[in-house]
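In: quick one, what's the 3D model for this:
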Amino acid sequence: MKNKSNYYIGLILVIVGSAAFYNSVFLNGFFGVRNLWPLFILLPGLFMEIDYFAGDKLKGRDPGVLIPGGILTGMGTFLLLREFLDIIPGMTGPVMIAVTGAALLQYYVAKPKDRGLLVVSLALILIGVLLGISRYTGELPVWLTAGSLTSLAVIMAGVYLIAKKPQEYKDSTYRPRDSENQKKSQ
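Out: Take a look at the predicted model:
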């Protein structure tokens, strides 16, 4: 496990060192801190993701590391792309909401116990996408009204209740007697 982590860290260092070498030889500043500052967000997230998935056996690993790893990886990727592409500055908020939903979804896939987390993650992704569309087009979709949002909330609540597993009754007051207990009491 440590050998794989060291391999990936070494690979990242080679890439960063190569970019710095290119920058110093050609003196154009393309790979400078001014352009590549999102790597300070992206690389820790990638390290968390790689550290979780690099092991041969995933048993014993805490999948909770996937939430901050997913958020840092998603936001670092978005901010790095924003440095080199012309992306609307107002898209950061919707992307952050959708990335948080995707990180929660990744955690749910790794540890599928709470179905409510699935509903919340899908809702966050949907909200982020809808806000991103509204920021990109400059207006909300025609069908997105208070009534449609209320009905979507009711649908999501219904999906949550359908997907929720019934709790086991551990401390039930009713306990059926077996035949031995009945014979002893007589």
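In: pLDDT at D86, what is it?
Out: For D86, the pLDDT comes out at 79.
In: actually A102, sorry about that
Out: Confidence score, pLDDT, at A102: 92.
In: any idea which element it lies in?
Out: helix 92-110 (DSSP states H and E).
In: where does pLDDT dip in the chain?
Out: 1-5, 27-34, 55-60, 140-141, 144, 163-186 (pLDDT under 70).
In: packing partners of the longest helix along it?
Out: Using DSSP state H, we find that the single longest helix of the chain is helix 2-26. For helix 2-26, the contact count by 3 or more CB pairs under 8 Å, 6 or more residues apart in numbering; DSSP states H and E identifies helix 39-53 as packing neighbours. C-beta coordinates here come from the backbone N, C-alpha and C atoms, glycine included.
In: pull out the buried residues from the helix it packs on.
Out: L39, I41, L42, L43, G45, L46, F47, M48, E49, I50, D51, Y52 (16 or more other CB atoms under 10 Å).
In: which ones are touching the fifth one?
Out: With contacts defined as CB atoms under 8 Å, 6 or more residues apart in numbering, the neighbours of G45 are P68, G69, G70, I71, L72, T73, G74, M75, G76.
In: now intersect those residues with the helices, please.
Out: Those of the contacts of G45 mapping onto helices are P68, G69, G70, I71, L72, T73, G74, M75, G76, per DSSP H.
In: give the helix, strand or coil label for V142.
Out: Three-state assignment for V142 (DSSP: H, G, I helix; E, B strand; the rest coil): coil.
In: 596 is where my numbering starts, stick with that
Out: Yes, from this point I'll number from 596; that puts the last item at V737.
In: now do the spatially most central residue of the chain against S729, distance only.
Out: Among the residues of the chain, A698 comes closest to the average C-alpha position under CA atoms, centre = their mean, at 0.4 Å. Using CB to CB, to the nearest Å, A698 is found at 22 Å from S729.
In: quick one, the strand or helix carrying L676 and helix 634-648 angle?
Out: Element membership of L676 [criterion: DSSP H and E] is helix 661-679. Angle, helix 661-679 to helix 634-648, by axes from the mean of the first three to the mean of the last three CA atoms, to 10 degrees: 140 degrees.
In: contacts for helix 661-679?
Out: Contacts of helix 661-679 (CB under 8 Å, 6+ apart): 630-644, 647, 682, 687, 690-691, 694-695, 697-699, 701-702, 705.
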